[in-house]
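A.B. asks: Quick check, what structure comes out for this input:
(2 chains)
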Amino acid sequence: MNNGWKKNYLRYKDFFLSVANVYKTKPNLKIYLELILSLSTVLIFSLLAIKPTVLTIIELNKEIKAKQETSLNLKQKIKNLQTANNLMQNELENIIYIHQAIPDNATPETIIKQIENVAQENSLQILGFSTSEVTLLGKDAENKKIQNELPFTFSARGTYQNIFSFLTTLENLRRPIKFDSFIINSNISEEGKVLVLTITGSVPYLHE
Amino acid sequence: MNRKKLPNLIVLFILTLITTLFWISFSIYQVFTKEASPVVPEEIILQIDPKLDIETIKMMRSKI
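C.D. replies: The predicted structure follows:
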């Protein structure tokens, strides 16, 4: 065992010394070896140290900037919400008029009652009132198109002055009415000549 | 001009180094140009207008 170890030791010692001699005697080899080692070091450090560090620094910087911007936006939103809350508290008695003008649901009964009252006040004889299909409570069916408007058709009979007065009052209702069309027909009945008014329009509402 | 040709290994190392530098540069450019992912959902950041149109409310009040 001892002989084998000594034999190998001497063999590798000679080999190393001969390489060292070549390294000392040949300047080209010295330069190339140093160049290779330098390039290898730069490569390894670039890949394993510089690249991940630089990328992490840039990503963290961007993240910090994005979070600072978000924080500013949220602070501004909190401030706006506080202002809106104060404003709402101050104007609480007036907010109810907004809900009356544009309610959360279609509430067709309200507009029907209002139009009926206005027609009675102006001595109009109601001939008919119809609305399109509407969801009174709950959510609409998924496939149904959300309109946020309640279309209606109304017809009544009366004199020209009454019709004129009726339309003027309708325009002054708190709940806004969009008139798509109104038609006035002249009919001759047993009572004499009468005018028939037909209105097609819609009233808006907020959708839940 | 008696120039000695560089060994192939050195040329290979130099080319690898250039490629690596390009790779790192492109990675840095990509990180710079990438949009930062939103920290909170868009609908939460969305600003609200705290103003109230008092004139319109007054007009509504006067209606029946």
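A.B. asks: Stretch B:11-19 close to chain A?
C.D. replies: Yes. Stretch B:11-19 lies within reach of chain A by CB under 8 Å from any CB of the partner chain, at B:13-14, B:16-17. For the C-beta atoms, the positions are set from N, CA and C on the backbone; glycine is no exception.
A.B. asks: same question, stretch B:46-60
C.D. replies: Yes. With CB under 8 Å from any CB as the criterion, chain A is reached by stretch B:46-60 at B:46-52, B:54, B:57-58, B:60.
A.B. asks: Name the member of those with the most neighbours.
C.D. replies: Ranked by neighbour count under the definition other CB atoms under 10 Å in any protein chain shown, these are headed by residue B:60 with 19 neighbours.
A.B. asks: is it true that that residue touches residue A:95?
C.D. replies: No. Under the criterion of CB atoms under 8 Å, residue B:60 is not in contact with residue A:95, lying 10.4 Å apart.
A.B. asks: per-domain residue ranges of chain A.
C.D. replies: Dividing chain A into domains by automatic domain parsing, as the record does, gives the ranges A:1-90, A:102-204.
A.B. asks: Now find how far off-centre the longest one is within its chain.
C.D. replies: Using CA atoms, centre = their mean, to the nearest Å, the mean C-alpha position of domain A:102-204 is found 34 Å from that of the whole chain.
A.B. asks: Can you measure across it, start residue to end residue?
C.D. replies: Using CA to CA, to the nearest Å, the gap from the first to the last residue of domain A:102-204 comes to 6 Å.
A.B. asks: Most widely separated two among the residues of stretch B:46-60 next to chain A?
C.D. replies: B:46 and B:58 (28.8 Å; CB to CB).
A.B. asks: residues contacting the most far-flung residue of chain B relative to its centre?
C.D. replies: Within chain B, the residue lying farthest from the chain centre (CA atoms, centre = their mean) is residue B:64, at 55.1 Å. Residues counted as contacts of residue B:64 (CB atoms under 8 Å, 6 or more residues apart in numbering or on different chains) are A:169, A:172-174.
A.B. asks: where do the helices sit along chain B?
C.D. replies: B:8-33, B:42-45, B:54-62 (DSSP state H).
A.B. asks: Output these as JSON lines; include the columns mean pLDDT.
C.D. replies: Shown next, in JSON lines, are these (pLDDT from 0 to 100):
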{"stretch": "helix B:8-33", "mean pLDDT": "91"}
{"stretch": "helix B:42-45", "mean pLDDT": "85"}
{"stretch": "helix B:54-62", "mean pLDDT": "83"}
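A.B. asks: I'd like to know which of the ones you listed lies nearest to residue A:53.
C.D. replies: helix B:8-33 (10.8 Å).
A.B. asks: counting contacts, what elements does the closest one pack onto?
C.D. replies: helix A:27-45, helix A:51-90 (3 or more CB pairs under 8 Å, 6 or more residues apart in numbering or on different chains; DSSP states H and E).
A.B. asks: Report the inter-axis angle for that helix versus helix A:27-45.
C.D. replies: Per axes from the mean of the first three to the mean of the last three CA atoms, to 10 degrees, the angle that helix B:8-33 makes with helix A:27-45 is 20 degrees.
A.B. asks: Between helix A:51-90 and helix B:8-33, find me the angle.
C.D. replies: Here the directions of helix B:8-33 and helix A:51-90 differ by 0 degrees (the same axes, to 10 degrees).
A.B. asks: So which bits of helix B:8-33 are buried?
C.D. replies: For helix B:8-33, a neighbour-count test (16 or more other CB atoms under 10 Å in any protein chain shown) marks B:13, B:17, B:20, B:24, B:31 as buried.
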